[in-house]
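Asks: mind looking at a prediction? Sequence and model below.
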Amino acid sequence: MANQVGMGVVGAGAIGINAALKHLSQEDVKNRVRLTAVCDPVEGRAEAAAAAYGVDRGYRDYEALLADPAVDAVTICTPIGMHFTQGMMALEAGKHIHFNKTMTTTRAEADTLIAAAEAKNLKIVASPGQMYWTANQRMRKLLLDGELGRPVWAIAGTGSVGNYHINEPYRHGNDILTNTNPSWYFKKPGGGPQYDVTVYCLHALTGIVGPVRRVSAASGKIVASFDFRGERIANEMDDSTTLLLEFDNSLVGVVYASPVGLVADGFSPHLYGLAGKVEELKFNGEPLGKPGDRMPHHFGEHGKMGENHVYEDIMQLVDWISGTGRKPLCNAEHARHVIDIIESGYRAAETGQAQTICTDFDLLGLGEINEMLEQYGG
């Protein structure tokens, strides 16, 4: 079909299967996307995934997938520390890219990717697209409408991420597609909760209130190792990090990652202003989420399936490539800003000195929010 985008899925692990292959193999997507290729370095896994989800070809080598002329775009579903190198290879091969979080581990890598994509007229989107959640859009609308009054402070965070990855049920099966090892999460350079999960909190918070200007931090390692199916996995990454974020107009934010405990349940922040507060996605006690809320591509079963927020970001790239959509909210510039915060936070913790953040991104305006809520709000 002329409007189909040929998609290559890079990595047939947990995210590749649950966020890409399961969604993109649904009948209602096939007029937009063709699953042309999947690759994975584990012997037999790509072939098994191709057979299970109707993919045209399975490759063991990433280079073979990139050489496939039917692949227009790739969704990179590999460990975070591999994203920059694989992204540059995709751009050199002329492919558009969707990155699963996080796009890179450093601002310099993000700068290089963005410049390379622009030079080749290729498109990049990067999960997580937190501002496609209508509740987050309504939170930003409260701020822009002045209903919160002057915003004063915010908090968001995550807990027990290491145990979550160890205990994910689709890692404990007995076949090649359900026994994927989570060791990457505990290894440098792309492991740990900052790149894997705090990235959600930072995309939501900055998408709602705006870019960070300075960051201070404390960071350390609490849990030395984890057991997974009889294997002892050493933890190389800090698993306890707290960021103190300074925004414009004296607004401050706290974003934490911890082996235990939650203050704000979920990835969206608690936000406190002089005229009101948002806690647990409720404004002064009234829920910001409404029955019937959905993301733009959450039709039919997609809204019920796992990892559907990642599927949304992939489809935003498909729309952008095919000319039916504008530049997505899950864009590379917002991803670069969040990466800058994470990298600068580690530097601040190591040096004891606050770090200045210079990156920026475009924020949702009130008109765009109202338009999206009219279409996708319940």
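Replies: Structure's in. What do you need? Residues are numbered from 1 along each chain as shown.
Asks: so how far is stretch 287-298 off the chain centroid?
Replies: 19 Å (CA atoms, centre = their mean, to the nearest Å).
Asks: roughly how far does N284 sit from G207?
Replies: When distance is defined by CB to CB, to the nearest Å, N284 is 21 Å away from G207. Yep, even glycine has a C-beta here, placed from its N, CA and C like the rest.
Asks: compare these two (neighbour count), which wins?
Replies: Each of N284 and G207 had its neighbours counted (other CB atoms under 10 Å), and the higher figure belongs to G207 (28 against 12).
Asks: where does the residue lying closest to that one once chain neighbours are set aside land in three-state SS?
Replies: Nearest residue to G207, sequence neighbours excluded (CB to CB, 6 or more residues apart in numbering): M131, at 4.2 Å. Here M131 takes the helix state, with states given by DSSP: H, G, I helix; E, B strand; the rest coil.
Asks: for M131, give me its contacts.
Replies: For M131, the residues meeting the contact criterion (CB atoms under 8 Å, 6 or more residues apart in numbering) are Q137, R140, H203, A204, G207, I208, L329, C330, L364.
Asks: can you tell me which helices and strands whichever strand or helix holds the fifth one packs against?
Replies: Counting by DSSP states H and E, the element that carries G207 is helix 199-209. Applying 3 or more CB pairs under 8 Å, 6 or more residues apart in numbering; DSSP states H and E, one finds that helix 199-209 makes contact with helix 134-145, strand 151-159, strand 252-258, helix 332-351.
Asks: hmm, try it at 10 Å
Replies: Using 3 or more CB pairs under 10 Å, 6 or more residues apart in numbering; DSSP states H and E as the contact definition, the elements that helix 199-209 packs against are helix 134-145, strand 151-159, strand 240-246, strand 252-258, strand 270-273, helix 332-351.
Asks: low-confidence stretches in the chain?
Replies: Counting by pLDDT under 70, the ranges of the chain that qualify are 1-2.
Asks: contacting residues around N235?
Replies: 162, 185-187, 191-192, 221-226, 259 (CB atoms under 10 Å, 6 or more residues apart in numbering).
Asks: again with V42
Replies: V42 makes contacts with G11, A12, G13, A48, R60, I176, L177, N179, T180, N181, as judged by CB under 10 Å, 6+ apart.
Asks: thought K304 was touching Y311?
Replies: No. Between K304 and Y311 there is no contact under CB atoms under 10 Å: 11.6 Å.
Asks: between those two, which contacts overlap?
Replies: H298.
Asks: hang on, the earlier thing: could you dump the contacts of M131 to a markdown table with distance to T242?
Replies: Shown next, in a markdown table, are the contacts of M131 (distance: CB to CB, whole Å):
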| residue | distance to T242 |
| --- | --- |
| Q137 | 27 |
| R140 | 24 |
| H203 | 18 |
| A204 | 17 |
| G207 | 21 |
| I208 | 20 |
| L329 | 27 |
| C330 | 26 |
| L364 | 27 |
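Asks: just to revisit the earlier point, among the contacts of V42, which lie within helices?
Replies: Among the contacts of V42, the ones falling in helices (DSSP state H) are A48.
Asks: just the buried residues from the contacts of V42, in ChimeraX please.
Replies: Of those, the buried ones go into a single ChimeraX selection, burial set by 16 or more other CB atoms under 10 Å:
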select :11,12,13,48,176,177,180
